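Trainee: Give me a model of this one.
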Amino acid sequence: MTPGTLLCSLYLRGRSFLTLSFAFLDGAKQRPDFVLGNKYGKTCSNEITHKVAGWLREMGYTVHVNDPYAGAHIVSHSFLL
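Mentor: Prediction:
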């Protein structure tokens, strides 16, 4: 690798959840196709998160950011947060 080379990685973790939520949790709202969690800008810049959300929306998916999950479970249990 040459000096000044910028390394970048994007960590995506997928998980499935029910299409409809449990009524006792949040009124049985319809779930989005994707929830992107960046721990409110702590684990990924909001700029990158919203860029990915835009790409997914352009493909016709519904996307929420940090709702109902803010993410970061793995990194919050490591040295990063």
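Trainee: Please count neighbours and contacts with C-alpha atoms only from this point.
Mentor: OK.
Trainee: Met59 versus the most centrally placed residue in the chain, what's the distance?
Mentor: The central residue of the chain, meaning the one whose C-alpha is nearest the mean C-alpha position (Cα atoms, centre = their mean), is Leu36 at 1.9 Å. Leu36 sits 15 Å away from Met59, going by Cα to Cα, to the nearest Å.
Trainee: same thing with Thr49?
Mentor: Remark: distance between Thr49 and Met59 (Cα to Cα) = 16 Å.
Trainee: Strands of the chain, start to end?
Mentor: Listed from the start of the chain, the chain has strands (DSSP state E) covering 34-36, 63-65.
Trainee: and the last one, what does it pack onto?
Mentor: With contacts taken as 3 or more Cα pairs under 8 Å, 6 or more residues apart in numbering; DSSP states H and E, strand 63-65 sits against strand 34-36, helix 46-58.
Trainee: now do the first one
Mentor: If contacts are counted by 3+ Cα pairs under 8 Å, 6+ apart, strand 34-36 sits against strand 63-65.
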